[in-house]
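Q: here is the input, now give the coordinates:
(chains A and B)
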There are 2 protein chains.
Amino acid sequence: MPHSLPKQPEIPLQNITLTDSFWLEYQRLVKDVVVPYQWLALNDKVDDAEPSHAIANFRLAAGKEDGEFYGMVFQDSDVAKWLEAVAYLLAKNPDAELEKTADEVIELVGEVQQPDGYLNTYFTVKAPKDRWTNLAECHELYCAGHLIEAGVAYAQATGKTRLLDIVSRLADHIATVFGPEEHQLQGYPGHPEIELALMRLYEATGTQRYLELTRWFVDARGTNPHYYDIEYAKRGETSYWNTYGPAWMVKDKAYSQAHLPVALQETAIGHAVRFVYLYAGVAHLARITQDQEKREICQRLWENMAQKQLYVTGAIGSQSSGEAFSCDYDLPNDTAYTETCASIGLIMFANRMLQLEADSRYADVMERALYNTVLAGMALDGKHFFYVNPLEVHPESIRFNHIYDHVKPVRQRWFGCACCPPNISRLLASLGHYIYARRADGLDINLYVGSDVETSVGGHTLKIKQSGGYPWQGTVLVDIACNQPLRATLGLRLPDWCAMPELTLNGTPLEIGKRQQNGYVRVDREWQDGDRLTLTLPMQVTRVKGNPLLRHVAGKVAVQRGPLVYCLEEADNGDALHNLHIPAAAEFRTLAGTGLFKGKTLLQVDGLREDSADALHQPLYSYNPAPARLTAQTLTFVPYFSWANRGEGEMRVWINEA
Amino acid sequence: MPHSLPKQPEIPLQNITLTDSFWLEYQRLVKDVVVPYQWLALNDKVDDAEPSHAIANFRLAAGKEDGEFYGMVFQDSDVAKWLEAVAYLLAKNPDAELEKTADEVIELVGEVQQPDGYLNTYFTVKAPKDRWTNLAECHELYCAGHLIEAGVAYAQATGKTRLLDIVSRLADHIATVFGPEEHQLQGYPGHPEIELALMRLYEATGTQRYLELTRWFVDARGTNPHYYDIEYAKRGETSYWNTYGPAWMVKDKAYSQAHLPVALQETAIGHAVRFVYLYAGVAHLARITQDQEKREICQRLWENMAQKQLYVTGAIGSQSSGEAFSCDYDLPNDTAYTETCASIGLIMFANRMLQLEADSRYADVMERALYNTVLAGMALDGKHFFYVNPLEVHPESIRFNHIYDHVKPVRQRWFGCACCPPNISRLLASLGHYIYARRADGLDINLYVGSDVETSVGGHTLKIKQSGGYPWQGTVLVDIACNQPLRATLGLRLPDWCAMPELTLNGTPLEIGKRQQNGYVRVDREWQDGDRLTLTLPMQVTRVKGNPLLRHVAGKVAVQRGPLVYCLEEADNGDALHNLHIPAAAEFRTLAGTGLFKGKTLLQVDGLREDSADALHQPLYSYNPAPARLTAQTLTFVPYFSWANRGEGEMRVWINEA
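A: Next comes the predicted model:
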């Protein structure tokens, strides 16, 4: 293990300055559009959206207002995620007004906290006697987890510990309630999240109790006698959710990855968001505790997910029912669920795996999810969102065939279950956390996002300026600044999509082969101020083919350039996209986008279209027909993340290869 | 209209003797296996099946037993369909014991009839005060329709009118309850069926009232103010079915084709069985009343269904939700619902259209549905049934992905909702009704089923012996017997699948072209005893391609020989059927089946398989991979109707063309 990890592989956001035009625009959207819009939504001030009532619930629970709780049992988490996003914004962009608003919300949150530390508006307002009686279904620990993440983030960003104190008291309370002792409940959350939050709290505070509590939640999970059944019997077999029949969440234990102890789990299963949140927490715990068994569990489950159940867009969760994984290699394109939040959780899981072990396979998937599904989750205007991210859409069928009920052909403004938009905010606002990983002897670059970063190696300061035109151009410049020559290893990820990377140091080629380790090229030397590494990642347009067991993409190709997966839209290519073919030998051209696509690289290829002009008057089936007449058509591809910004129309990622 | 229709185009079953080895085996199965098994099921004497309780419900309603009603609100219809099947069997195969059992059931049915003629066990036992209060949801008129069909069939088969009298009293009662008068209910059935039944009753009895009642039900349908809403309000907004939310059947009026008056309907929509039952009734009414508007409605809706929404297997209803049609050209293969009963209803609709106008397009679809989906609905052992008939099955995915919840990879013994098995019985037992259509000047042969038929033309008896090896061989012999030379027109259908039919009369070629009319070759002459027509329908194996708007079959072919659609099964071809290809120029070979397939023609072709042997160890996605390695593999096709008789495995109808 030459590249052992420091205890804190994450570089504080304060030490990272984004300079990347692609991502600055997204951060601007988050700051200027998404977060303000979400604040209005949380306060029910958006006319054309479903009410949130999330802030009102806090006022009710604080006794500052009369009324009824409204919203999901996990409505609190929307406020927590908003606060967390605000924290990340404030870390780099002081904004007195925004900070004042956040501080007021934090005070309100504090007023809701009960004398014993408990904090949840649903139970405080609606069912104070039912606290901790329904972990399988009721998201109390999930909401606590999001508040804890917000508390950690807000303290790290602003130095203010008011929310950190509140959530520490909440975590302390939880630590008294749950655990192996007879007077404690032997439970764990139905929706994982608190595990990764407690690990962050542990790292922020150093309080061993939070690590132990995480370990309890992870190790108790799925053991027998089963806690879901115990609490179900104890509360008289009442059930909160009946979507798929009475107490289905209690009964379908694989839905929440509680069908087996984590040590015995072999496949990505159940609700995709829960899965990645859970194993992000387990990976975090494995790193901190150097627990080899948990590390292997995470590796095994990652491998199943990434090699058997991952869409080419970095999406997971192929079925709507239970927002869940299916079996290996079952990845339908049109009925896919592929929730935005699941890809966000996937990124969190990937980052923890990278912090656990430097292997580019995690970063490759992280990049794939980030540049494709996560960005597709938000419109280019920052005001409309996808919960579901299919790889093929046929709007007419969506209107009639109920297998598509979960699919929307255009993005919506806000959701009754508003998990995805604030999750996008907090991810994009904290993007700095995902770009670099500190190593004991240096720094790894996981994502090629233009940024200035400051870290320390062996007690000395190392500054790096990363620049380039990613994801549109493949040249990455890494400029080093240090007060004195500094021995360090810099690891640059070699993306899986790039066949022929090249590296120079101050203009002199460096052989990559012998410096390659687990998908990173590692340059170990005594760095001089002004040194420049230039990594060239030629962005040829690439045809992606699926594993032969992926029956939904047999005979088809996806088109990728750099980290971006592309798609065909009706707006550029007409309808009946299934009749378009890419000849096997055709060469792709890049094209500078205009209008909505200004600054984006589009692709074109001389394709073929099976003629369907007269199809409405042709029979439904023909016997031994002449070979289909194929006519030349230029096919125009847009980045998948930017689809559905021009109204409703067909879209598809996987195209026939002629 | 040179070939105008007699009032009774249907030849009585007594006048048709099946001699066809293919179909006699099915009729034997129905008589020896299905009908006896169903009798046990109706009496809850099958251990491994869900209880039916259908006969017990009649005993309860007759006051002969105490207990609770059990089963669906339409449970009575299972008994009615059984009686109807028995009637058809008895028409040609006297069986004293079976007739005695049927007579006893009929007596029991009679005992359930109320003094005013009303007859329904559910409402009599469970909710006597709620009669006729929920037409949208509660199948009272549907059950009545099935009893009426049984009454007509039993009288025609046995000459006994006990059941005909009972159902006539029931129909008389219904005629007092429903109609335009102020003291009547202005309703019509939520599940059509009574329309076609009343038309049969009208033809059997000549009672004008039944025709008028049919006209009422058809013309009132979908008018405003909407009867579903009226009765819903009147009964205090109670709802029987909540599958898709409260009162969804009331609200989703297109589900039962009541969203518009039939005159304004343009597309096949809603629950597929209801659609074909309704329009079978409308077509019947159109023929009897020579109603040109209703005829055009039926033509228009047939055309939409057959040219935009029909599977190559003659199946309809592409979505599970609502067991319903989707939109034009939305025909997924793996998530298809394609209920057996829907194809049976389609055959009933097709036959009424043929009786309305001799056009082979109706018979072509009838044949397609009969030889493929309907037969696939029953295992070769006659004991297991499919409700749902997909065109592609991947068993592993079915277990995990809930979009396949309605799909079974193997046939089941019986269903809680047991509509399909008894519907198969009554169709197969009455097959004679579908083979021929009487014309004023002769006879049309719609199906090539070996049989002796006796009819009359101009008051003289004409006997025809049809023979041949259909569906395996394409030579059809039509031998004429008549006591004296007889002028008549014989119409022989020219199947759509046959490119080069040939016809001889007593060995001398007859030119088909000039004798062709709406897909029939018509031979008009003075027939001599001993004349023989020989129709040769070469059964080349045919590649079927889908309309370019059918996105689910783009780039794929189905394989058909004669009327039979074939499929690939895992048992013959290994798994990962999506990796098999048929080269564009490959020639098919026929192969005599053995074992389970004895007597059946199988097909083989020199195909190709994309190598997936090492796929489990290959990455999920590959960049610019070398072209897939294709290895030669003999592909073996079995008739679609005989799939899933060898345990669980993959199956697919649409195969890649290389």
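Q: what sits against the residue nearest to A:Ala336 when sequence neighbours are not counted?
A: Once flanking residues are discounted, A:Ala336 sits nearest to A:Pro390: 4.9 Å by C-beta to C-beta, 6 or more residues apart in numbering or on different chains. Heads up, the C-betas are built off the backbone N, CA and C, glycines and all. Going by C-beta atoms under 8 Å, 6 or more residues apart in numbering or on different chains, A:Pro390 touches A:Asn333, A:Asp334, A:Thr335, A:Ala336, A:Thr338, A:Val407, A:Met651.
Q: check A:Gln540 too.
A: By C-beta under 8 Å, 6+ apart, the contact set of A:Gln540 is A:Ala499, A:Arg561.
Q: ok, back up a step: ok, and the most crowded of the contacts of A:Pro390?
A: Counting neighbours by other C-beta atoms under 10 Å in any protein chain shown, the top entry in these is A:Thr338, with 32 neighbours.
Q: mind checking how far the closest residue to that residue other than its chain neighbours is from B:Val559?
A: Nearest residue to A:Thr338, sequence neighbours excluded (C-beta to C-beta, 6+ apart): A:Ala315, at 3.5 Å. Distance, A:Ala315 to B:Val559, using C-beta to C-beta, to the nearest Å: 35 Å.
Q: between the two, which one's more packed in?
A: Counted by other C-beta under 10 Å, A:Ala315 and B:Val559 do not tie: A:Ala315 has more neighbours, with 30 against 24.
Q: now do that one, the pLDDT please.
A: A:Ala315 is assigned 98 on the pLDDT scale.
Q: ditto for the one 5 residues further on
A: Here, the pLDDT recorded for A:Ser320 equals 96.
Q: with A:Val393 instead?
A: pLDDT at A:Val393 comes out at 98.
Q: how about the residues of the stretch 351-500 of chain A by chain B?
A: For the stretch 351-500 of chain A, the contact set with chain B under C-beta under 8 Å from any C-beta of the partner chain comprises A:His394, A:Glu396, A:Ser397, A:Arg399, A:Phe400, A:Asn401, A:His402, A:Ile403, A:Asp405, A:Asp496, A:Trp497, A:Ala499.
Q: tabulate those residues (a markdown table), appending secondary structure and distance to A:Lys31.
A: Formatted as a markdown table, these follow (DSSP: H, G, I helix; E, B strand; the rest coil; distance: C-beta to C-beta, whole Å):
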| residue | secondary structure | distance to A:Lys31 |
| --- | --- | --- |
| A:His394 | coil | 36 |
| A:Glu396 | helix | 38 |
| A:Ser397 | helix | 38 |
| A:Arg399 | helix | 36 |
| A:Phe400 | helix | 41 |
| A:Asn401 | coil | 40 |
| A:His402 | helix | 39 |
| A:Ile403 | helix | 39 |
| A:Asp405 | coil | 34 |
| A:Asp496 | coil | 32 |
| A:Trp497 | coil | 30 |
| A:Ala499 | coil | 38 |
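Q: picking up where we left off before, which one of the contacts of A:Pro390 is nearest to A:Val262?
A: A:Thr338 (24.1 Å; C-beta to C-beta).
Q: mind listing what's buried in stretch A:93-100?
A: Going by neighbour count (16 or more other C-beta atoms under 10 Å in any protein chain shown), the buried part of stretch A:93-100 is A:Leu98, A:Glu99.
Q: follow-up on the earlier one: hmm, which of the residues of the stretch 351-500 of chain A next to chain B are the buried ones?
A: Judged by 16+ other C-beta under 10 Å, buried ones among those: A:His394, A:Glu396, A:Ser397, A:Phe400, A:Asn401, A:Ile403, A:Asp496, A:Trp497.
Q: could you work out the most separated pair of those?
A: Farthest pair in these, by C-beta to C-beta: A:Phe400 and A:Asp496, 39.2 Å.
Q: low-confidence ranges in the stretch 551-658 of chain A?
A: For the stretch 551-658 of chain A, no stretch has pLDDT under 70.
Q: let's see that with 90 instead.
A: Applying pLDDT under 90 to the stretch 551-658 of chain A picks out residues A:611-613, A:626-629, A:658.
Q: also the stretch 101-250 of chain A?
A: A:241-246.
Q: which residues of it fall in strands?
A: Using DSSP state E, counting those that start in this stretch, the stretch 101-250 of chain A contains no strands.
Q: if we can go back for a sec, wait, is the residue nearest to A:Thr338 part of a strand?
A: No: counting by DSSP: H, G, I helix; E, B strand; the rest coil, A:Ala315 is not part of a strand but coil.
Q: so what touches stretch A:160-176?
A: Stretch A:160-176 is contacted from outside by A:83, A:103, A:106-107, A:109-110, A:113, A:116-119, A:141, A:144, A:147-148, A:150-152, A:154-155, A:184, A:194, A:198, A:201, A:204-205, A:207, A:209-210, A:212-213, using C-beta under 8 Å, 6+ apart.
Q: show me which of those residues are buried.
A: A:83, A:106, A:109, A:113, A:117-119, A:141, A:144, A:147-148, A:150-152, A:154-155, A:194, A:198, A:201, A:204-205, A:207, A:209-210, A:213.
Q: and the residues of the stretch 351-500 of chain A next to chain B as JSON lines, adding distance to B:Tyr329?
A: Below are these laid out as JSON lines (distance: C-beta to C-beta, whole Å):
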{"residue": "A:His394", "distance to B:Tyr329": "9"}
{"residue": "A:Glu396", "distance to B:Tyr329": "8"}
{"residue": "A:Ser397", "distance to B:Tyr329": "8"}
{"residue": "A:Arg399", "distance to B:Tyr329": "13"}
{"residue": "A:Phe400", "distance to B:Tyr329": "11"}
{"residue": "A:Asn401", "distance to B:Tyr329": "11"}
{"residue": "A:His402", "distance to B:Tyr329": "17"}
{"residue": "A:Ile403", "distance to B:Tyr329": "15"}
{"residue": "A:Asp405", "distance to B:Tyr329": "19"}
{"residue": "A:Asp496", "distance to B:Tyr329": "38"}
{"residue": "A:Trp497", "distance to B:Tyr329": "35"}
{"residue": "A:Ala499", "distance to B:Tyr329": "40"}
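Q: which stretch of helix or strand covers A:Gln604?
A: strand A:601-610 (DSSP states H and E).
Q: show me what that strand is packed against.
A: strand A:556-561, strand A:580-582, strand A:588-592, strand A:630-639 (3 or more C-beta pairs under 8 Å, 6 or more residues apart in numbering or on different chains; DSSP states H and E).
Q: what about the following helix or strand past the first one, near chain B?
A: The C-terminal neighbour of strand A:556-561 among helices and strands, as given by DSSP H and E, is strand A:564-569. No: Strand A:564-569 is not in contact with chain B by C-beta under 8 Å from any C-beta; minimum separation 9.9 Å.
Q: list the strands paired with strand A:564-569, with their directions.
A: Sheet pairing for strand A:564-569, assigned by DSSP bridges, gives strand A:556-561 (antiparallel), strand A:630-639 (antiparallel), strand A:651-652 (antiparallel).
Q: which positions in whichever helix or strand comes after it come out as buried?
A: Per DSSP H and E, the first helix or strand lying C-terminal to strand A:564-569 is helix A:570-573. For helix A:570-573, the neighbour count (16+ other C-beta under 10 Å) marks A:Glu570, A:Ala571, A:Asp572, A:Asn573 as buried.
Q: equivalent analysis for stretch A:508-515, please.
A: Neighbour-count burial for stretch A:508-515, with 16+ other C-beta under 10 Å as criterion, is recorded at A:Leu510, A:Ile512, A:Arg515.
Q: if I look at the second one, how far off is chain B?
A: I take that to be A:Ile512. A:Ile512 is 17 Å from chain B, where distance means C-beta to the nearest C-beta, to the nearest Å.
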